[in-house]
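K.L.:
Got a predicted structure plus its sequence, pasted below:
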Amino acid sequence: MRNLIAVPVIFLAVLLQSAIVSRITLLSGIADLPLVMLAAWAMQEEVETAWHWAIAAGVLVGFVSGLSWVVPVLSYLFVIALAQVLQRRVWQAPLLAMFSITFLGTIGLSFFSLVVLRFSGIDLPIVDVFGLVTLPGILLNMLLAVSVFAVMRDLARWVYPALEVE
Amino acid sequence: MALALGGYFSSGSNVFTASLVTVQSWFSSRFVAVQEFLTAPRDMASLRQRNTELETEVSELQAQVIQLQQEVGETQILAALVDFSRANPENTYKAAAVIGEDPSPFLQYVIINRGSNDGIQRGMPVVTNQGLVGRVDAVIADAARIQLITDPASNVNVRLQNAEADASLIGSVTGDVTLDLIPQDVALEPGDLVLTSGLGGGYPPDLIVGQVVNIRTRDFDLFQQAAVQPVVDFNHLQIVLVIVNFKPVDFSTLKPLP
């Protein structure tokens, strides 16, 4: 039953992303709160519903954004896959894994966005995109990563209390 | 009595009264000290309580000042928009507040708090009192998404007021806007005003878009290009006007079916 917390949390994350986070720019880059949140959620050992969260968040972001819903859904699933792989290999240093996922996830999001936009007939200069959008976005996501990780860890302990006792 | 009247006791009485005053001063000072000691903690407590009350009041007043400043700012914006709508009575406007931006950094869209319930439809142009903002891209019941003219997919047909030439205004991922398809024989100058031409039926004519700031002319190119400074400050969009009586021309029916 506590898994239903995903609904308000995802709505809140997308709402904050659109209303606040998107307006805080570094060059032309912005942070991606749902992406960082999903990465932090998938990093928690107890969590089994990360895939569902990724699809729900991707569809919701796709609904709000002018970009095709394919981009956020694919990007967020990619982030979850990365988190699942890295969590097992770098389990002793969760923050290091978190930073790695944020870094690679942001690059993945940019890559998917560029590909889909190119198929839509919008050809963006890759060098400009990397320097002015992707790199600043990575930095902003990294800044968010630690605090979001702490919040999601507390949330995971609340959602899965029995496993924590064990 | 006779000795006293004769002044023989004056020195003795002086010594006596001085001693008395000294003793009374000593008692008085000690009493005041004890009284302060006993009453001071009560005063501190009341002072602290008073200080807390005043701090609360100050913070409330500061919040009120901030709220009033915001209201003054919004009123000024609304007054400017009302002036603009009065100066352009041929259009019907619907004011809307900007409540969000696109979550993707690759696109330049904003979200407004008016939708189909307010008569907003896809394709309607959006302006401020300064000039053209963009057009409605998608609508739901109580909100709409606006594609800004700075969006990389945006393409606005414009004309140069001084040069009497048509061109195409395109956006970019960084939010800069560029004029393209300007014929080589057109004499451009920085400061030239850029207005919508109305060609293509996507926007009404003669909406102010911006000013030419930088011109790029190369002999081997077919067309000139120019950087444009938009008149609208897209970083601080708060309230916009949707032109609700403008119906964009739909060319999709004219395209041959595959």
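P.N.:
Sure, I can see it. Being a predicted model, the structure only gives us computed values, none of them experimental.
K.L.:
In contact with the nearest residue to B:Leu107 once chain neighbours are set aside: list those residues for me.
P.N.:
Nearest non-adjacent residue to B:Leu107, counting by CB to CB, 6 or more residues apart in numbering or on different chains: A:Gly66, 4.7 Å away. C-betas here are computed from N, CA, C, even on glycine. Contact partners of A:Gly66, counting by CB atoms under 8 Å, 6 or more residues apart in numbering or on different chains, are B:102, B:104, B:107, B:109, B:137-138, B:145, B:147, B:151.
K.L.:
Show me where chain B has its helices.
P.N.:
B:2-5, B:10-87 (DSSP state H).
K.L.:
Quick one: list the elements packing against the longest one.
P.N.:
With contacts defined as 3 or more CB pairs under 8 Å, 6 or more residues apart in numbering or on different chains; DSSP states H and E, the secondary structure elements packing on helix B:10-87 are strand B:93-101, strand B:239-243.
K.L.:
and it with strand B:93-101, angle?
P.N.:
Interaxial angle, helix B:10-87 versus strand B:93-101 (axes from the mean of the first three to the mean of the last three CA atoms, to 10 degrees): 120 degrees.
K.L.:
ok so, going back, which one of the contacts of A:Gly66 is nearest to A:Ile30?
P.N.:
B:Ser104 (8.5 Å; CB to CB).
K.L.:
and the closest one, how many neighbours does it have?
P.N.:
Residues lying near B:Ser104 (other CB atoms under 10 Å in any protein chain shown) number 26.
K.L.:
what's near enough to touch the nearest residue in space to B:Asp221 that is not next to it in sequence?
P.N.:
Among residues not flanking B:Asp221 along the chain, B:Gln184 sits closest, at 7.5 Å (CB to CB, 6+ apart). With contact set as CB under 8 Å, 6+ apart, B:Gln184 has these partners: B:217, B:221-224.
K.L.:
next one: A:Val59
P.N.:
So A:Val59 contacts A:69, A:72-73 (CB under 8 Å, 6+ apart).
K.L.:
Could you export the residues you listed to a markdown table, including columns for neighbour count, secondary structure and distance to A:Trp53?
P.N.:
Below are the contacts of A:Val59 laid out as a markdown table (neighbours: other CB atoms under 10 Å in any protein chain shown; DSSP: H, G, I helix; E, B strand; the rest coil; distance: CB to CB, whole Å):
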| residue | neighbour count | secondary structure | distance to A:Trp53 |
| --- | --- | --- | --- |
| A:Trp69 | 16 | coil | 16 |
| A:Pro72 | 30 | helix | 12 |
| A:Val73 | 20 | helix | 12 |
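K.L.:
Can you sort out which of those residues also neighbour chain B?
P.N.:
A:Pro72 (CB under 8 Å from any CB of the partner chain).
K.L.:
Closest one of the contacts of A:Val59 to A:Leu135?
P.N.:
The closest of these, once distances to A:Leu135 are taken by CB to CB, is A:Pro72, at 20.1 Å.
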